[in-house]
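**Student:** Dropping the sequence and predicted coords here.
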Amino acid sequence: KNEVEQSPQNLTAQEGEFITINCSYSVGISALHWLQQHPGGGIVSLFMLSSGKKKHGRLIATINIQEKHSSLHITASHPRDSAVYICAVATNKLIFGTGTLLAVQP
Amino acid sequence: DTGVSQDPRHKITKRGQNVTFRCDPISEHNRLYWYRQTLGQGPEFLTYFQNEAQLEKSRLLSDRFSAERPKGSFSTLEIQRTEQGDSAMYLCASSLQGFYEQYFGPGTRLTVT
């Protein structure tokens, strides 16, 4: 079993829909990252959080340390949100999930 | 500051050849990480440095792989006698000690033919 599990692996949404991507982990962590990766592109950090909730624009990330679970929400999704979203947990290094491929159709 | 840079961005090599990649971190960051990402998978940790000291290596890092950070600034990752299974994106990231936010470079895509 992977130490970081994401669901769903693939997600197709219509423009404007509310999107949720989930991440569960099984190790002790210092923080959790949500990352975005465009095809052929590098990785951009969206959030780093260790408790509670963070919001940036249309993106919201939450974490429940007791349940070892985090969610990334995208409100009013747009085709430019199409990318791979990766959850990574921080120990002394990052342990990554396999990513969620999101396609937002106009 | 221009962020983390990696060179080259793409490398095509024949099996058995040696390749070397370079990573220039954000200047004030003293931690530097190397990751490998194969198609359809999340990145996997390879190794990390704090200043010039290599503090941890994954067992993914076989004896054909060596990484250095001689002056605590840029780092190189060398793969000797490349194999087709080495084809992947090699990602570098840097961070400040004691902080956990890592900033990623654009990656070097290696294709071994």
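**Tutor:** Perfect, I can see it now.
**Student:** could you measure A:Q105 against A:S77, distance?
**Tutor:** Shown here: A:Q105 relative to A:S77, a distance of 10 Å by C-beta to C-beta, to the nearest Å. Any C-beta I mention is one placed from the backbone N, CA and C, and that applies to glycine too.
**Student:** These two - which one has more neighbours?
**Tutor:** A direct count of neighbours by other C-beta atoms under 10 Å in any protein chain shown for A:Q105 and A:S77 places A:S77 higher, at 21 against 11.
**Student:** Not counting its neighbours along the chain, what's nearest whatever residue of chain B ends up closest to chain A?
**Tutor:** At 3.5 Å from chain A, B:G42 is the closest residue in chain B, using C-beta to the nearest C-beta. Spatially, and ignoring its direct neighbours in sequence, B:G42 is nearest to A:F96 (3.5 Å; C-beta to C-beta, 6 or more residues apart in numbering or on different chains).
**Student:** my read: that neighbour touches B:R36, true?
**Tutor:** No: contact between A:F96 and B:R36 fails when scored by C-beta atoms under 8 Å: they sit 10.8 Å apart.
**Student:** what's the overlap in contacts for these two?
**Tutor:** B:P43, B:E44 (C-beta atoms under 8 Å, 6 or more residues apart in numbering or on different chains).
**Student:** all strands of chain A, in order?
**Tutor:** Ranges of strands in chain A, per DSSP state E, are A:4-7, A:10-14, A:19-25, A:31-37, A:43-49, A:52-56, A:59-64, A:69-74, A:83-90, A:94-96, A:100-105.
**Student:** Look up how far B:F65 lies from B:I12.
**Tutor:** B:I12 sits 19 Å away from B:F65, taking C-beta to C-beta as the criterion.
**Student:** Could you check which of those two is surrounded by more residues?
**Tutor:** Between B:I12 and B:F65, counting by other C-beta under 10 Å, B:F65 is the more crowded of the two (18 against 12).
**Student:** Closest residue of chain A to chain B?
**Tutor:** A:F96 (3.5 Å).
**Student:** residues touching that residue, list them.
**Tutor:** Contacts of A:F96 by C-beta under 8 Å, 6+ apart are A:V4, A:I86, A:C87, A:A88, B:Y35, B:G42, B:P43, B:E44.
**Student:** and of these, the nearest to B:G72?
**Tutor:** Using C-beta to C-beta, B:Y35 comes nearest to B:G72 of those, at 19.6 Å.
**Student:** Tell me what the closest one is bridged to.
**Tutor:** With DSSP bridges as the criterion, B:Y35 is bridged to B:F45, B:L91.
**Student:** what's the neighbour count on it?
**Tutor:** B:Y35 sits with 27 neighbouring residues when counted by other C-beta under 10 Å.
**Student:** What residues does chain B have near chain A?
**Tutor:** By C-beta under 8 Å from any C-beta of the partner chain, the residues of chain B that approach chain A are B:33, B:35, B:40-45, B:48, B:55-56, B:91, B:93, B:100-107.
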